[in-house]
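Provided below are the primary sequence and the corresponding predicted coordinates.
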Amino acid sequence: MQKTPTLREKSDRGLPVRFPLAAWTQGCKDRRVIEDFERCYRALKSRDRRFDGWFYTAVTTTKIYCRPSCPAVTPKRANVRFYPTAAAAQAEGFRACRRCRPDATPGSPEWNIRADLLGRAMRLIADGVVDREGVTGLARRLGYSERHLHRLLVAEVGAGPLALARAQRAHTARLLIETTDLAFSDVAFGAGFASIRQFNDTVRSVFGMTPSELRRSRHGSREPGRPGVIELRLPYRAPFHAAGVFGFLGERAVPGVEESTGTGYRRTLRLPHGPCSLELTPDRSHVRCVVRLADLRDLNTAVQRARRLLDLDADPVAVAGHLGCDPLLGPSMAAAPGRRVPGCVDGAELALRAVLGQQISVSGARTLAGRLTAVLGQPLEQADGALTTLFPTSASIAGADPAKLGMPVARGRTLVELAGALASGALVIDVGAERAEVARDLSAIPGIGPWTVGYVALRALGDTDVFLPTDLGVRRALQSVGLPGDPPSAVKLAESWRPWRGYALQYLWAGLEISQTSRTSQSRSA
């Protein structure tokens, strides 16, 4: 008897099987290619939340699209179409379900993982590049023609860059409508729309309601908000090991720029239209996000950067499916499922801080970054509690004297040269950067070695297959369980962890912290 496929079928690399739009469309029209359609339909029938964001379900009879976990009655096969993005469903004339709110699902982890042109384009669109620079600016950043980029996106995700940006603006508009009492004109321009008419037409088309109706339909009473402050929820795929990622960020918090609150994390950051402060607090099913903005147009960018910082679009089930069977990592993963790879809100800042942290402890790197910020950081016009300063710009560091930075002169020269490359644009480290080019350019700077290159790729560029065999923490973690910790042995051991070696790193580091705590407790009790 043939084995029935599981709902969570995986590719050879451990990733959930991709669902190409062409296969879905062909399957829906003539049933000649039904494999992907059947897999999606089984997921739809199961109402499994883990599939939310991987694809969207559209019903031709109601002209509504939903997330796979929508509690509504499962539609008939003949009336269903599947799309890889909300924008693709909207482009075909479907409006968002008012019950399951499919536009508010976690994003597909595929766009964060992929290093190709499509992945880079999707990350830049999510960061708001199309709204700020247009499709021309997006194409220029990626180094391709607008026509080629449009053709690629339509073929892969069912919508071009303008449609993807429009869907994102619609979601931002709904956030502002439902969470603030702003005038609709402020909502429209804050969400990135060019006119009030465009805003009204888009909201009506995407949600099937006017902005006024949408505001009246919001659930529950809302407490009066603070000027410029927006509170919202950031969904994630369970399980989510909040203590791991928040603890990681808290240990490295730079005074004035960042703060660990005990239950969450706060920080300042620069956005395209002005400074911002974020407050992130984990909850049972989401992360509570409080954003204080200088300019409402930066809302979506702030939200996307917060999501990348906490790795909220990750698929922990896929990671556990691959690493959970490993004899070394399995017990740690069972004890603390859902660890994330901490990202960053600014690639340039992360790279500069990585250089500061070379060959010293975490607390030492934090101290150095604090001194640098105290001298070169930009004070906020209005402090937000303990958050008083923005991390220094690359330009301010590039103009500093390496001998007066409070660190070894050689490292100071490396820091200044890196800052100069970042300030001039010769080196760009953002979500749209090509990983191979960044690695090459970083390696060309004297004083930057493989550890720094890998660390930047892991946290700033989202390369979840990065492994750091020369890291002292990795060496000690392996030696603590009786394994050789030398780099060649570590690399060989980690081969079986591909393509999730970045997540394996988190469990190695966490295991080392646990073993050190255990040894300290034993010594104290003795």
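Happy to help now that I have it.

Confirm that Arg475 sits in a helix.
Yes: counting by DSSP: H, G, I helix; E, B strand; the rest coil, Arg475 is part of a helix.

okay, now the residue lying closest to it once chain neighbours are set aside: neighbour count?
Using Cβ to Cβ, 6 or more residues apart in numbering and skipping the chain neighbours, the partner closest in space to Arg475 is Gly485 (3.6 Å). Yep, even glycine has a C-beta here, placed from its N, CA and C like the rest. Residues near Gly485, counting by other Cβ atoms under 10 Å, number 18.

and if you look at Gln359?
11.

From Arg305, how far off is it?
29 Å (Cβ to Cβ, to the nearest Å).

Mind telling me what element the most centrally placed residue in the chain is part of?
Nearest residue to the geometric centre of the chain (Cα atoms, centre = their mean): Arg308, 2.2 Å. Assigned by DSSP states H and E, Arg308 falls within helix 299-310.

any idea which helix or strand comes after that helix?
Next along from helix 299-310, by DSSP H and E: helix 316-323.

okay, now the nearest residue to Pro275 once chain neighbours are set aside: neighbour count?
Take Pro275 and drop its neighbours on the chain: the residue closest to it by Cβ to Cβ, 6+ apart is Ala294, 5.4 Å away. Ala294: 16 surrounding residues under other Cβ under 10 Å.

Hmm, Ala294 is touching Gly228, no?
Yes: between Ala294 and Gly228 there is a contact under Cβ atoms under 8 Å: 7.2 Å.

All the strands of this structure, in order from the start?
Counting by DSSP state E, the chain has strands at residues 56-59, 64-66, 80-83, 95-96, 229-235, 258-260, 265-271, 274-282, 286-293, 378-384, 387-390.

Out of the ones you listed, the one nearest Thr136 is which?
strand 265-271 (21.5 Å; Cβ to Cβ).

hmm, back to that, mean neighbour count and distance to Pro331 added to the strands of the chain, as JSON lines?
Shown next, in JSON lines, are the strands of the chain (neighbours: other Cβ atoms under 10 Å; distance: least, Cβ to Cβ, whole Å):
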{"stretch": "strand 56-59", "mean neighbour count": "26", "distance to Pro331": "37"}
{"stretch": "strand 64-66", "mean neighbour count": "25", "distance to Pro331": "38"}
{"stretch": "strand 80-83", "mean neighbour count": "24", "distance to Pro331": "38"}
{"stretch": "strand 95-96", "mean neighbour count": "22", "distance to Pro331": "42"}
{"stretch": "strand 229-235", "mean neighbour count": "18", "distance to Pro331": "29"}
{"stretch": "strand 258-260", "mean neighbour count": "21", "distance to Pro331": "28"}
{"stretch": "strand 265-271", "mean neighbour count": "22", "distance to Pro331": "28"}
{"stretch": "strand 274-282", "mean neighbour count": "21", "distance to Pro331": "24"}
{"stretch": "strand 286-293", "mean neighbour count": "20", "distance to Pro331": "27"}
{"stretch": "strand 378-384", "mean neighbour count": "14", "distance to Pro331": "41"}
{"stretch": "strand 387-390", "mean neighbour count": "20", "distance to Pro331": "38"}
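
Would you mind putting these into a markdown table with mean pLDDT and distance to Leu472 alongside?
Listed next are the strands of the chain as a markdown table, based on pLDDT from 0 to 100; distance: least, Cβ to Cβ, whole Å:
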| stretch | mean pLDDT | distance to Leu472 |
| --- | --- | --- |
| strand 56-59 | 92 | 45 |
| strand 64-66 | 94 | 49 |
| strand 80-83 | 91 | 47 |
| strand 95-96 | 93 | 49 |
| strand 229-235 | 90 | 33 |
| strand 258-260 | 97 | 23 |
| strand 265-271 | 97 | 25 |
| strand 274-282 | 96 | 29 |
| strand 286-293 | 94 | 31 |
| strand 378-384 | 92 | 33 |
| strand 387-390 | 96 | 30 |
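
Include distance to Ala348 when you put those into TSV, please.
Listed next are the strands of the chain as TSV, based on distance: least, Cβ to Cβ, whole Å:
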stretch	distance to Ala348
strand 56-59	34
strand 64-66	38
strand 80-83	35
strand 95-96	36
strand 229-235	24
strand 258-260	16
strand 265-271	10
strand 274-282	16
strand 286-293	21
strand 378-384	14
strand 387-390	12
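
what's the pLDDT at Arg32?
For Arg32, the pLDDT comes out at 25.

ok, now the one 5 residues further on?
According to the prediction, Phe37 has pLDDT 84.

shouldn't it be in contact with Arg81?
No: if you go by Cβ under 8 Å, Phe37 and Arg81 don't touch, sitting 9.1 Å apart.

returning to that earlier point: of all the strands of the chain, which one is nearest Gly244?
Proximity to Gly244 (Cβ to Cβ) singles out strand 274-282 among those, at 10.6 Å.

Please tell me I have it right and Thr179 contacts Leu232.
Yes: between Thr179 and Leu232 there is a contact under Cβ under 8 Å: 5.7 Å.

residues near Arg123, how many?
22.

what's the nearest residue to it if we skip its chain neighbours?
Val431 (3.7 Å).

Report whether the expected contact of the one you found with Gly128 is present.
No: Val431 lies out of contact with Gly128 (Cβ under 8 Å); the separation is 10.8 Å.
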